[in-house]
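# Structure, please.
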Amino acid sequence: MIWWVYQNVLKVKHFADVIIATDDHRIVDVCNSLGMKAVMTDRHPTAIHRIYELSQKYEADLYVQINGDEPLLDPQTIGRIFDIEKLPEGEYGINLIATTNNAVEINDVSNIKVVFSESGKCLYMSRTPIPTPFQTLEYSYHKHLGVIAYSREMLAFYAKSSPGRLESIEGIDLLRFMDYDKPLYIINAGEVETLSVDTAKDLEAVRKKIAERQCREAVNASDNV
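Residues are numbered from 1 along each chain as shown. Just a heads-up that it's a prediction; the model follows:
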């Protein structure tokens, strides 16, 4: 799964470097055997703390977290995280989201739902379906994707702060932005075929979808010969 994610990220031209950060020697061993750049970190409560540790060794304009459990994310979708005209200053984050009307995804607590303002700032994230369609059904839900960018200043703030009230209730680390009034900008990638692998059934579904993609690519390649 890590190999699939890594190969997709390498195809995104915006990145100056791609690093797999982990606190597990087994993952590093696999990465080394497959020629993937990996570094060991200390144990951390969240991935954001792990990226902060790396930011102390690697200087960059922007640090992008790409979760290793979403192998279906294609390079074009990942690259959308840079769809912002001018990077702000100070403490901020950017989160990629997708549109979904899939009832299973909407009601699955492992899929984080997102609501945002007209100006493109995140208002709230929840494991429950939000907003509630009380006055209209003309609405599409939006789910969080495991592609999040942080400024160096935001990583430093996050590492030195404690979980706030909302983060502690929902168990969503990005809610710290809302707890402390830090801007989290939203980029909607539209309808994207992706699935975070949280269970054995998720892994089975992802394997099936990857096999289907490979089959389509093979057919397309033969048609072009």
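# which ones are touching Ile48?
Gln65, Tyr150, Leu155, Tyr158, Ala159, Asp173 (C-beta atoms under 8 Å, 6 or more residues apart in numbering). No exception for glycine: its C-beta is placed from N, CA and C like everyone else's.
# Export the residues you listed as CSV, with columns for distance to Ala98.
As requested, these are exported to CSV (distance: C-beta to C-beta, whole Å):
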residue, distance to Ala98
Gln65, 16
Tyr150, 20
Leu155, 24
Tyr158, 24
Ala159, 28
Asp173, 19
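# which of those sit farthest apart?
For the contacts of Ile48, the farthest-apart pair by C-beta to C-beta is Gln65 and Ala159; their separation is 13.5 Å.
# what sits against the residue nearest the centre of the chain?
By C-alpha atoms, centre = their mean, the chain has its centre lying nearest to Gly146, at 1.4 Å. Gly146 makes contact with Gln65, Ile66, Asn67, Asp69, Glu70, Leu73, Ser196 under the criterion C-beta under 8 Å, 6+ apart.
# swap in Asn67?
By C-beta under 8 Å, 6+ apart, the neighbours of Asn67 are Val5, Ala47, Gly146, Val147, Ser196.
# Tell me how far the third one lies from Ala47.
Distance, Gly146 to Ala47, using C-beta to C-beta, to the nearest Å: 9 Å.
# Find residues that contact each of the two.
Contacts common to Gly146 and Ala47, judged by C-beta under 8 Å, 6+ apart, are Gln65, Asn67.
# now what about stretch 168-175, what contacts it?
Defining contact as C-beta under 8 Å, 6+ apart, one finds that stretch 168-175 is touched by 46-48, 93, 95, 112, 122, 124-127, 144, 148, 163-164, 166-167, 184.
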